[in-house]
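Trainee: Just to be clear, the model below is a prediction. Sequence and coordinates:
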Amino acid sequence: MNLNCIVVDDEPLALDILEDYISKVPFLTMVKRCENPIEALQIVQGGGIDLVFLDIQMPELTGIQFLKIAGNKCHYILTTAYPEYALESYDLNVSDYLLKPIAFDRFYKAVEKVHNQQKPADVAPPQIQPLITPAPFSGSPNPVQDFIFVKTEHKIQKIYLHDILYIEGLKDYISIFTKDERVITLQSMKKMEEALPQSQFIRVHKSYIVAVDKIESIERSRITINKKIIPVGDTYRDEFFKVIGNKNI
């Protein structure tokens, strides 16, 4: 199943790079490259487009404004040099976001995810639930759960809970950030939240779960973990500060 694509960016070099990447992927078909987002908006609203690669910083119309006007007519992958815009994009249901300069392997992962979502349900790849596995029994009647297994691209990977800093979600994919690496797996935030021990992890935003013991500071409704600023969403604020309050001296 081919995906009809357009690329929207006011930088000709960015357009050239994405056009080249699209030409290398058999299931992508380049329909149009647009420097003018207004022109691109008319094409999307006319139908027949499956995937839009959308820059955020454009003079006539920003990528965020574009998304709010266009609605859910197709899939969107944001392309930006500004990672802070990713948070706002979550609320607009984008499929992924790519940080410039964009590497081809990261580009391919993003488009493959959209392609898999377009496949009929009967051929969709099975989803593997994250498994919480108890640590070896050490004489205690309640052994500690200290690691999980998650499915990555070609293997099932073991991750120790004490290594996890935070978890970031985007649609059906999540990124697990540890002190050494980022692990991407096909999973929902809800199921990951249910799998993690509540005594160690807490949901603080639609798109974030954090390890309580890795929080370095809290300023208003922003958490800092390993130099990463994570927002506390309105829905989760009361429960989060209740948990934190119980740990105050």
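Mentor: Good, I have the coordinates. Numbers count the residues shown, from 1 in each chain.

Trainee: Work out for me the element the closest residue to Val94 other than its chain neighbours sits within.
Mentor: Spatial nearest neighbour of Val94, excluding adjacent residues (CB to CB, 6 or more residues apart in numbering): Tyr76 at 4.6 Å. No exception for glycine: its C-beta is placed from N, CA and C like everyone else's. Assigned by DSSP states H and E, Tyr76 belongs to strand 75-80.

Trainee: counting contacts, what elements does that strand pack onto?
Mentor: For strand 75-80, the packing partners by 3 or more CB pairs under 8 Å, 6 or more residues apart in numbering; DSSP states H and E come out as strand 51-55, helix 63-70, helix 86-90, strand 96-99, helix 104-118.

Trainee: can you do 10 Å?
Mentor: If contacts are counted by 3 or more CB pairs under 10 Å, 6 or more residues apart in numbering; DSSP states H and E, strand 75-80 sits against strand 3-8, helix 12-23, strand 51-55, helix 63-70, helix 86-90, strand 96-99, helix 104-118.

Trainee: I'd like those written out as JSON lines, with mean pLDDT and mean neighbour count added.
Mentor: Below are the helices and strands packed on strand 75-80 laid out as JSON lines (pLDDT from 0 to 100; neighbours: other CB atoms under 10 Å):
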{"stretch": "strand 3-8", "mean pLDDT": "96", "mean neighbour count": "22"}
{"stretch": "helix 12-23", "mean pLDDT": "93", "mean neighbour count": "16"}
{"stretch": "strand 51-55", "mean pLDDT": "95", "mean neighbour count": "27"}
{"stretch": "helix 63-70", "mean pLDDT": "87", "mean neighbour count": "18"}
{"stretch": "helix 86-90", "mean pLDDT": "58", "mean neighbour count": "18"}
{"stretch": "strand 96-99", "mean pLDDT": "86", "mean neighbour count": "19"}
{"stretch": "helix 104-118", "mean pLDDT": "91", "mean neighbour count": "16"}
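
Trainee: and Asp50, what does it touch?
Mentor: The neighbours of Asp50, taking CB atoms under 10 Å, 6 or more residues apart in numbering as the test, are 1-6, 28-29, 31, 73-75, 114-115, 118.

Trainee: go with 8 Å
Mentor: Residues in contact with Asp50, defined by CB atoms under 8 Å, 6 or more residues apart in numbering, are Leu3, Asn4, Cys5, Cys74, His75, Val114, Gln118.

Trainee: Residue ranges in this structure under the pLDDT threshold?
Mentor: By pLDDT under 70, the low-scoring segments of the chain are 84-91, 119-145, 153-154, 171-172, 247-249.

Trainee: ok, the residue nearest the centre of the chain - contacts?
Mentor: Taking CA atoms, centre = their mean as the criterion, Leu170 is the residue nearest the geometric centre of the chain, at 3.0 Å. Counting by CB under 8 Å, 6+ apart, Leu170 touches Tyr90, Val94, Ser95, Asp96, Tyr97, Ser207.

Trainee: Just the closest of the residues you listed to Gly245, please.
Mentor: Comparing the contacts of Leu170 against Gly245 with CB to CB places Ser207 closest, at 23.6 Å.

Trainee: wait, isn't the closest one in contact with Tyr166?
Mentor: No: if you go by CB atoms under 8 Å, Ser207 and Tyr166 don't touch, sitting 10.2 Å apart.

Trainee: Name the nearest residue to Cys74, ignoring sequence neighbours.
Mentor: Nearest non-adjacent residue to Cys74, counting by CB to CB, 6+ apart: Ile49, 5.0 Å away.

Trainee: Look up how far Val150 lies from that neighbour.
Mentor: For Ile49, the distance to Val150 (CB to CB, to the nearest Å) stands at 33 Å.
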